[in-house]
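S.K.: I would like the atomic coordinates for the input below:
(one chain, ligands or ions: 1)
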Amino acid sequence: MRLPALAVALVLVPAACAQGTRAPDDPPARASEPARTSEPDGRRAHSDAVRGYVSYDGAVIALVDVDVIDGTGGPPLRGQTVLVERGRIAEVAPVDSVAIPGGARVLHLGGRTVVPGLVGMHDHTHMPGLPFMGYTATRLWLASGVTTVQTAGSAEPEAEAALARAVEAGEAVGPTIFPSAHYVTGPGGNGPMSKPATEEEARRFVREGAEAGATWFKLYRHVEPHVAAAVIDEAHARGRRVTGHLCSLTFREAARMGIDRIEHGLTASSDFVEGKPEGECVSTRRAAANLDLGDPRVAELIDLLVREGVTLTSTLAIIESHFPHRPQADERSLAVMSPEWRRRYEERQGRLAAQPVTTMTPELLATLMAFERLFVEAGGRLVMGPDPGRHVLPGYGNQRGFELLVEAGFAVPEAVRIATANGADALGVGHEVGRVAEGYVADLVVLGGDLAARPSAIRDVEITFKGGVGYDPHRLVADVVGQVGLR
Ligand SMILES: [Zn+2]
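M.R.: Have a look, this model is predicted:
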């Protein structure tokens, strides 16, 4: 499929800041400097608002003596130097074999792990009850090592597309954003969503959404089959892609229509609901809870998804939040919530604790995780995103999703691949984003520790490089303390 034009524009221009090097403790660029200028070496310039978060910048940066988990799924490469030149990765090789150019900014990073920037694939710019959170989400994403996001449905598509353009232009801080249109649902659906009734309305919705900047369209639970088919067809005709949080459509039906991606995995599958009326949304949870993964229908469905090239998005972080026996908000998440959001969280926790454990059992969570493993073992492409909401926040939720993939049984390098290269591939940019490899855009995360030995090191982000520019996670987080959930 043709790559959306906007997506090309977003990734082909390596972002970088002012030329020359700056020590991590240097003050941000002076306000009297021109806000944005083109650099002599052709790199992209950034506004002062962005530069305030930059800790490392320069035409050539060498990350010396790091362990690299490169996004391919291969084992960790120990004792490497990653050489970054003009926003791209110039070389990845053992320390002794890399000649570092004079004038390079050299960072000795023994004991650290370098992974590709995370590619978040269900990373909304809103949370339920909170229409747009661009300011906090962009900072939390970057602080958490997320350098690319696909939003999987937007509550405010105009604001989201504008934010994507501002980041691309160097005017706003944040990851590269692949924006979405409004969700598409049908009769019985609610929330800030569109409900085209006819095929023609569906096609017009896609045309207008694409013109407004949407790169992806999201089908939601009550979408009518004829509308879904028209959205998919019209989106593909315009080089755009379609994902779905399904219910009225089974995974099988959507795969046969040509859907590109499906969100949430088995928990949202109506394929195994006995007597499901065609085109109608019914509760899926009990069918998932009662499903034996050894049932041949499971293997048949997985085979179909793999054959049709349908990507699945793992959203284990938000799924975990439904299970009373699981950990809920951590201290760092509570610290960035607004007092009102935190109060809502605590009220919800009270309800969750009082709720009898009926279907939300440890066994069900294990089944949902095992389904994702079976899909990957069959050759399916799994990507990952947090689906922010409740206490599952942008960025922190991506890291939690990574930890849960490891808990689900994926080896650390495989979980890295799911969280990075697989997402880039699903976005059509896997040829230059999502791997630590020569020629790739220098979207890199420096983690304080041995990630292979301690998966929770995914939380210990020391530097997030985006397009070769190193951002300071602490400055980014400091600017959102107490603010997530403010309107
Ligand atoms: Zn969502």
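
S.K.: Report the distance from stretch 267-284 to the chain centre.
M.R.: From the chain centre to the centre of stretch 267-284 is a distance of 27 Å (CA atoms, centre = their mean, to the nearest Å).

S.K.: Give the buried residues for it.
M.R.: Using 16 or more other CB atoms under 10 Å as the test for burial, stretch 267-284 gives 267-273, 276, 281, 284. Where C-beta positions appear, they are placed from N, C-alpha and C, glycine not excepted.

S.K.: Stretch 285-298 now?
M.R.: Going by neighbour count (16+ other CB under 10 Å), the buried part of stretch 285-298 is 287-289, 291, 298.

S.K.: Export that stretch to CSV, keeping only CA atoms.
M.R.: Extracted C-alpha coordinates of stretch 285-298, given in CSV (Å, rounded to 0.1, in the frame of the first residue of the first chain):
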residue,chain,number,x,y,z
ARG,A,285,-16.0,-10.9,27.6
ARG,A,286,-17.7,-14.1,28.6
ALA,A,287,-16.9,-15.8,25.3
ALA,A,288,-13.2,-14.9,25.8
ALA,A,289,-13.3,-16.2,29.4
ASN,A,290,-14.8,-19.5,28.3
LEU,A,291,-12.6,-20.0,25.3
ASP,A,292,-10.1,-22.8,25.1
LEU,A,293,-7.2,-21.6,23.1
GLY,A,294,-6.7,-25.2,21.9
ASP,A,295,-10.1,-24.9,20.1
PRO,A,296,-9.3,-25.3,16.3
ARG,A,297,-11.4,-22.2,15.6
VAL,A,298,-8.7,-20.1,17.3
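
S.K.: Name the surrounding residues that touch that stretch.
M.R.: 266-267, 269-274, 359, 361, 363-364, 367-368, 370-371, 374 (CB atoms under 8 Å, 6 or more residues apart in numbering).

S.K.: rewinding a little: so which of the buried residues of stretch 285-298 is the closest to residue 390?
M.R.: Nearest to residue 390 among these is residue 288, at 20.4 Å by CB to CB.

S.K.: For the one helix or strand the closest one maps to, give the mean pLDDT please.
M.R.: Using DSSP states H and E, residue 288 maps to helix 285-290. Mean pLDDT, helix 285-290: 88.

S.K.: mind listing what's buried in the next helix or strand after that helix?
M.R.: For helix 285-290, the following helix or strand on the C-terminal side (DSSP H and E) is helix 296-307. Neighbour-count burial for helix 296-307 flags 298, 301-302, 305-306 (criterion: 16+ other CB under 10 Å).

S.K.: who's sitting farthest from the centroid in this structure?
M.R.: In the chain, the residue that sits farthest from the middle, by CA atoms, centre = their mean, is residue 102; the gap is 36.3 Å.

S.K.: Quick check: that residue vs residue 83, distance?
M.R.: Using CB to CB, to the nearest Å, we find residue 102 at a distance of 13 Å from residue 83.

S.K.: in the protein, which helix or strand is least confident?
M.R.: helix 5-12 (a mean of 37; mean pLDDT, DSSP states H and E).
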